[in-house]
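Trainee: make a model of this:
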Amino acid sequence: MQGVIKSYDPGTGDGIVMRETDFAEFDLAEGALDGSVFRMLRQGQRVLFVLDDDQRATSLSLGSEVDMGTPELT
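Mentor: Next up is the predicted model:
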């Protein structure tokens, strides 16, 4: 899923991701940034995420505003 960071507290690691398709909000799971390229998040940042069994956002990775597609080879 793709979403936008609504809030993030770098001190506690607490945050909220808002899914773009329906604006549903999900809390960040504990350790959501573990193993990702992120060290912290900023409000409005686009991310890709999955939901864990408790419906919390985890496995964050870089999001994009558009599908970049496959480049054409010339």
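Trainee: give me the most central residue, the chain.
Mentor: V47 (3.3 Å; Cα atoms, centre = their mean).
Trainee: correct me, but that residue touches K6?
Mentor: No - if you go by Cβ atoms under 8 Å, V47 and K6 don't touch, sitting 11.0 Å apart. Using the backbone N, CA and C atoms, a C-beta is placed for each residue, glycine as well.
Trainee: need the residues touching each of the two.
Mentor: V17 (Cβ atoms under 8 Å, 6 or more residues apart in numbering).
Trainee: circling back to that earlier point, mind listing what the residue nearest to the centre of the chain touches?
Mentor: Residues near V47 by Cβ under 8 Å, 6+ apart: 2-5, 17, 38, 41, 60-63.
Trainee: now go through those and say which are in strands.
Mentor: Mapping these onto strands (DSSP state E) picks out 2-5, 17, 60-62.
Trainee: from those, which one has the minimum pLDDT?
Mentor: Among those, L62 carries the lowest pLDDT, at 79.
Trainee: tell me the contacts of that one?
Mentor: For L62, the contacting residues are 37, 46-48, by Cβ under 8 Å, 6+ apart.
Trainee: select from those residues the one having the most neighbours.
Mentor: When neighbours are taken as other Cβ atoms under 10 Å, the top entry among the contacts of L62 is V47 (22 neighbours).
Trainee: mind checking pLDDT for that one?
Mentor: At V47, pLDDT is 91.
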